[in-house]
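*Asks:* coords please:
(chains A and B)
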Amino acid sequence: MSVKFQFDENEALFRQMVRARITEILPADIQDRQRRTLHNSTDLADQRRWLAALDGQGWSVPAWPVEYGGTGWSPLQRFIFEDEMYAADAPEFNWIGSHMVGPVLIAFGSDAQRERFLPPIRSGKEVWAQGFSEPGSGSDLASLRTQARREGDRYIVNGSKIWTSGAFEADWLFCLAKTDIQGKPQRSVSCLMIDLKTPGITVRRIEQINGEAHLCQVFFDDVEVPVEHLVGEEGGGWSYAKYLLDHERTTSSFIFWIKRELARTRELGRTVLYNGRPIIADPHWSYRLAIAAAEITAHEWSVLRVLSNEPSTFPISAGASVLKVKGSEIQQTITGLQVDLLGERALRDFGSEHLPPSDDPNWPDVVQGRTSRAMMARASTIYGGSLQIQKNLLAKLALGL
Amino acid sequence: MDFELSEMQQMVVDSAQRFVAAETGLDHWRARRNLENGVDPALWIKVVELGWLALAIPEDAGGLSGSMEDVALLMIELGKGLVTEPLVSSGVLAAYVLDRTLIGEARETWLDKILLGEARVALAISDPDAASGAVAPLFFRPDGDGFVLDGCKCTVFDAPSADTLLVVASAGNERALFLVDAAQQGIEAKAYPLVDGTRAADIVFANVGLPAGALLARGDAAAEVIDAAIDRARLALVAQAVGAMEAAIAITAQYAKDRRQFGQPIGKFQAIQHMAADMFVAAYQARSALYAALRDVEGNADARARAVAVAKVVSGLAGQTVSRNGIQIHGGYGLTDEYAISHYYRRLLVLEKQYGSIDMHGAALAQIEARD
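*Replies:* Sure, this is the predicted structure:
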């Protein structure tokens, strides 16, 4: 053993293998829509079809244990697989299902819950939304107020969740609620799985800065949830959320998303003319792109370090916060650069359309929709623990302040 | 990819940590300004005895055949203590050049002298840049069997303590690389200190005659070996910068815990915490860029050059964040010679500029973006 930073030959072969198979199973029409989409959110029908195709391959939940349909791949192999998925413009995973509900049920759920819920996550038949934030509880999540009152064999849920992406079309909600209104949040918050078709639930779509309405607010008015849909133990919600943070350290890096946007930025640099030449021939623009690309190379290696559990003097969760800080910053930098490269051409409003409205040669596909993404990238330093919360964490965890 | 230290790597890291603990610190950094040529002879002997100069030299020449990973691990530790003995100039840069350009006995003799610390070699590559053009760059021309060097080289790092020079000179579009005795007649070095206590010199060559054997390489072969050698030196310096940043962060965090204002440690203020967190993120990013470059340093020249430029840019930017925030958190004391952070600031400034700054490497990467 010695400190070495080479990918070995097996990893290159693995990359070739997954690339070839993704090319084979990714339907061309889905890929085309993914490439041309003007906005952030994936078309749900496409996502379901893609997850089903991946499931046919046994690849839809790579990180799960093999007995639940996982792949048995190493962290580095999973990294390579996701890298290839994004590079091929495939739809994303339903993150809440495969990266939150799945791992939590596998670790803390009952056999019956695993049997009931895992297979449809794997196949894309059921997609999930996340109900954590509330109108009055953002960064201070521990102050959440949605209440689940036990009555016999059911909970009666009242309250409201916000920023529940895709709740208007999702099947299930993975929801934190108070089962004990007096207790400390660490022991009074429970984790419920709520069928979004249950009577008493109202979902309001929230019109966004970019014309989409993918974010939602969910209202609960005496919503009945069977006790079998409590995950683990009553009052265990907080520790399950913490378990997820410890096990999903690299997702918030958005490294694959960022690499795809870098490729798009390079394409834009060749597509847009400036003084009669591709704009990227101008040193000002090529310099900005070069600095962004350098930061992305380093960021990718930060992800590999966290994935590989590099020994360090500080807790590994500090590494996860670094990935979140840098990943969110770079998402904004690279999409911001696209808007800047386009200048006045970036200003067109495409409304809520999901695909380019025309094949006008003045508006190549790669030009359209860049500003929508850049605007929604402002969210990256807000959700999942804001930039400022991450810095508080780092000061404490890594520096002892 | 592997993060486990090998036995040799562990030994190297341990020895460097012991050295840093015993031989470095404020008094040492302040005293080294008074050394005649920037190198303390007693400390140099210790460095030689620790075997660090042998690390990058091949086994068949008596060295340890260490990888650039091994070198980087050593340099990270030395960077933490701001060790500035000319290990990179001799043990990394010159060792690589002489290994690749000399053969047989000459190669073994020179590599032996380097690993025993008997020869200290500096690279003279930068030409004068005065816009007046009053100072001529260095040219070579053939003269009988040998060559003549005439002109000037600027900012030759570690030259005042070197006895031997690797000299890059040009003739028309061709570059050539020579091995030159620094004490030779006609060579005049104007030595000066750098802000971090290390030394450099501007060197004038007044029609210096060289035998044919002084030519190490010319043309494309010279360019290739020089570029590869400097890229390795750059990585060693990036590794030192990573170590310096990590130490500067620890020093600053401690200061933020000790220093009290408004009745509490300033580290309790979020404004300070967020500046410190930015330092941590920056240093993490710099270490990652170093690892990325170590992956490509033995690869083809284009991949190597790009990866090294990325590491220089990212570590340079990170070094600025770390050293500037470090001073800001220290307040007025950060600007004094009595506080370690000012020494880290100065060293990180040198490491950012040496062998190409953020802007120069950024511009080189920009050209690649424009071309591809």
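*Asks:* state the pLDDT value of residue 36.
*Replies:* Defaulting to chain A. We have a pLDDT of 88 for A:Arg36.
*Asks:* hmm, no, I was thinking of chain B.
*Replies:* 93.
*Asks:* checking it next. Helix, strand or coil?
*Replies:* coil (DSSP: H, G, I helix; E, B strand; the rest coil).
*Asks:* quick check: it vs chain A, distance?
*Replies:* Applying Cβ to the nearest Cβ, to the nearest Å, the value for B:Glu36 to chain A is 37 Å. In short, each C-beta sits where N, CA and C put it, glycine included.
*Asks:* can you tell me if the longest helix along chain A touches chain B.
*Replies:* Selection of the longest helix in chain A by residue count, based on DSSP state H, yields helix A:316-342. Yes. Interface with chain B: helix A:316-342 contributes A:318-319, A:322, A:325-326 (Cβ under 8 Å from any Cβ of the partner chain).
*Asks:* report the two of those residues separated the most.
*Replies:* In terms of Cβ to Cβ, the residues of helix A:316-342 next to chain B reach their longest pairwise distance at A:Ala318 and A:Lys326, which sit 12.5 Å apart.
*Asks:* of the residues of helix A:316-342 next to chain B, grab the buried ones for PyMOL.
*Replies:* Remark: buried members of the residues of helix A:316-342 next to chain B, expressed as a PyMOL selection using 16 or more other Cβ atoms under 10 Å in any protein chain shown:
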select buried, chain A and resi 318+319+322+325+326
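*Asks:* and the chain, what are its domains?
*Replies:* No chain specified, so I'll use chain A. A:9-93, A:128-236, A:249-397 (automatic domain parsing).
*Asks:* sorry, should have said chain B
*Replies:* Each domain of chain B is listed here as a residue range: B:7-119, B:122-210, B:221-371, per automatic domain parsing.
*Asks:* mind putting the domains of chain A in a markdown table, distance to B:Val180 included?
*Replies:* Formatted as a markdown table, the domains of chain A follow (distance: least, Cβ to Cβ, whole Å):
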| stretch | distance to B:Val180 |
| --- | --- |
| domain A:9-93 | 44 |
| domain A:128-236 | 64 |
| domain A:249-397 | 36 |
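*Asks:* for A:Gln113, find the nearest of those domains.
*Replies:* Going by Cβ to Cβ, the one of these nearest A:Gln113 is domain A:128-236, 7.2 Å.
*Asks:* spell out whether that closest one and chain B are in contact.
*Replies:* No. Using Cβ under 8 Å from any Cβ, domain A:128-236 never reaches chain B; the gap is at least 12.7 Å.
*Asks:* so what's the residue count around residue 53?
*Replies:* No chain specified, so I'll use chain A. 20 (other Cβ atoms under 10 Å in any protein chain shown).
*Asks:* hm, I was asking about chain B
*Replies:* Neighbour tally, B:Leu53, other Cβ under 10 Å: 28.
*Asks:* quick check: the gap between it and chain A.
*Replies:* Distance of B:Leu53 to chain A, given as Cβ to the nearest Cβ: 20 Å.
*Asks:* nearest to B:Glu23, out of the residues of helix A:316-342 next to chain B: which one, please.
*Replies:* A:Ala318 (30.4 Å).
*Asks:* ok so, going back, give the next helix or strand downstream of the longest helix of chain A.
*Replies:* Note on helix A:316-342: by DSSP states H and E, the next helix or strand toward the C-terminus is helix A:370-377.
*Asks:* that next one: how far from the chain's middle?
*Replies:* 16 Å (Cα atoms, centre = their mean, to the nearest Å).
*Asks:* which stretches of the chain form strands?
*Replies:* No chain was given, so I picked chain A. Under the criterion DSSP state E, chain A contains strands at A:128-131, A:147-151, A:154-162, A:172-178, A:189-195, A:201-205, A:216-226, A:273-274, A:277-278.
*Asks:* you answered for a different chain; I wanted chain B.
*Replies:* In chain B, strands defined by DSSP E lie at B:121-124, B:139-143, B:146-157, B:164-171, B:174-181, B:187-193, B:199-210, B:215-218, B:260-261, B:264-265, listed in chain order.
*Asks:* list the buried residues for the fourth one?
*Replies:* For strand B:164-171, burial by neighbour count (16+ other Cβ under 10 Å) applies to B:164-170.
*Asks:* what's the angle between it and strand B:199-210?
*Replies:* Strand B:164-171 and strand B:199-210 are oriented at 60 degrees to each other (axes from the mean of the first three to the mean of the last three Cα atoms, to 10 degrees).
*Asks:* who in the stretch 1-150 of chain B is up against chain A?
*Replies:* Within the stretch 1-150 of chain B, the positions lying close to chain A (Cβ under 8 Å from any Cβ) are B:1-6, B:8-9, B:67, B:69-70, B:73.
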